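Trainee: Take this sequence and fold it.
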Amino acid sequence: MASYHQCMLFYTDRLNLKRASEYNYLSHSDCLVINDVDDARKFQMLMEALNTVRICKEDQEHAFEMLAAVLWLGNISFQVVDNENHVQVVADEGKIYLLGLVGCYIFDDFPATNVLSKDIYR
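Mentor: Residues are numbered from 1 along each chain as shown. I've put the predicted structure just below:
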C-alpha cells in the first residue's frame, strides 16, 4: 500500500491541485485555516477510513476527481456576449483543468466549451 505522502503527491499531480487559497469556492469561505486542525492528518484518516470500508481505489479516485472538478468549476470565468443574451467561457486555467478531468481535451475543446456555457446560461 502506498504511503500517505505518496498518495497525497499522486492526487496533487493527477488532479492538478493547487493551494486552497487559489480556488474561488474555498478562498471566499474565510476559514482556510482552522486552529488546531491538522489537515494532513485528517486526509490520512480519510484515506484509512475509505480503505477500511473497502471503497476500491478506482472509486476513491473518481470521488476525488469529482471534488477537483467542482473546485476547478468555481475558477472558470464567463463573459457576456451578444448583447447579454449569451455567455461564453473565458479561456483560463480552470476551464482547461476541468475539461481534462471530465475527459475532454484541447482538441475537443470547442463542443465542451459550448456545453459549459449553455448549461450555466439555462
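Trainee: Which strands or helices does the helix or strand hosting His5 pack on?
Mentor: Taking DSSP states H and E as the criterion, the element that holds His5 is helix 4-14. Applying 3 or more C-beta pairs under 8 Å, 6 or more residues apart in numbering; DSSP states H and E, we find helix 4-14 packed against helix 39-52. The way it works is simple: take the backbone N, C-alpha and C, and place the C-beta from them, glycine included.
Trainee: Number of residues surrounding Val53?
Mentor: 7 (other C-beta atoms under 10 Å).
Trainee: how far away is it from Asp59?
Mentor: 11 Å (C-beta to C-beta, to the nearest Å).
Trainee: quick one: common contacting residues for the two?
Mentor: Common contacts of Val53 and Asp59 (C-beta atoms under 8 Å, 6 or more residues apart in numbering): none found.
Trainee: Next, name the residue at the spatial heart of this protein.
Mentor: Computing the C-alpha centroid of the chain and ranking residues by C-alpha atoms, centre = their mean puts Ala68 first, at 1.9 Å.
Trainee: burial of the nearest residue to that one once chain neighbours are set aside, as a residue count?
Mentor: Residue nearest to Ala68 in three dimensions, not counting chain neighbours: Leu15, with 4.0 Å by C-beta to C-beta, 6 or more residues apart in numbering. When neighbours are defined as other C-beta under 10 Å, Leu15 has 19 of them.
Trainee: cool, and Asn16?
Mentor: Asn16 has 15 neighbours, counted by other C-beta under 10 Å.
Trainee: So for it, what's the pLDDT?
Mentor: Per-residue confidence (pLDDT) for Asn16: 82.
Trainee: What helix or strand is it located in?
Mentor: With DSSP H and E as the criterion, Asn16 is inside neither a helix nor a strand.
Trainee: distance of it from Val37?
Mentor: With C-beta to C-beta as the criterion, Asn16 and Val37 are 25 Å apart.
Trainee: Now stretch 74-92: buried residues?
Mentor: Residues of stretch 74-92 classed as buried by neighbour count (16 or more other C-beta atoms under 10 Å): 75-76, 87-89.
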